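Novice: sequence and predicted model, in that order:
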Amino acid sequence: LCCLPRDPLTRIEETEGEARIGHGGWFAQNVMQGVAGGPSTYAVMTVYFVQGALGLAALARTYFLKDQLGLSPGEQAAL
């Protein structure tokens, strides 16, 4: 965390051994990692985000069945 810029929408420019912060490059450097943004790229990113959210929801459901209902793994698989 010590190396992140304060504003998440900034970029770091190297000049004479010290880093300068500029706007716009943080997202491109850290999230996009050099991939050109476009409608198809953002569509794929949206699909991955939704799949991750669904995975977390499934994990919450598993823990609910285990903790609140007291089901064993075999009983959970039968559902």
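Specialist: Thanks, I have the structure now. Numbering: from 1, shown residues only.
Novice: residues of the helix or strand encompassing Gln51 that come out buried?
Specialist: Applying DSSP states H and E as the criterion places Gln51 in helix 39-67. Within helix 39-67, the residues that count as buried by 16 or more other C-beta atoms under 10 Å are Leu65. Using the backbone N, CA and C atoms, a C-beta is placed for each residue, glycine as well.
Novice: just the CA coordinates of the helix or strand following it, formatted as PDB?
Specialist: Counting by DSSP H and E, the element after helix 39-67 in chain order, helix or strand, is helix 73-78. Extracted C-alpha coordinates of helix 73-78, given in PDB (Å, rounded to 0.1, in the frame of the first residue of the first chain):
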ATOM      1  CA  PRO A  73     -21.300 -32.300   2.900                       C
ATOM      2  CA  GLY A  74     -23.100 -35.400   1.700                       C
ATOM      3  CA  GLU A  75     -26.500 -33.900   2.500                       C
ATOM      4  CA  GLN A  76     -25.500 -30.700   0.800                       C
ATOM      5  CA  ALA A  77     -24.500 -32.700  -2.300                       C
ATOM      6  CA  ALA A  78     -27.900 -34.400  -2.300                       C
END
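Novice: same question for helix 73-78, mean pLDDT?
Specialist: Throughout helix 73-78, pLDDT has a mean value of 82.
Novice: who touches that helix?
Specialist: Helix 73-78 has contacts (C-beta atoms under 8 Å, 6 or more residues apart in numbering) with 62, 65-66.
Novice: at 6 Å instead, please
Specialist: Contacts of helix 73-78 with the rest of the structure, by C-beta atoms under 6 Å, 6 or more residues apart in numbering, involve Leu65.
Novice: got a list of contacts for stretch 46-59?
Specialist: With C-beta under 6 Å, 6+ apart, stretch 46-59 has no contacts at all.
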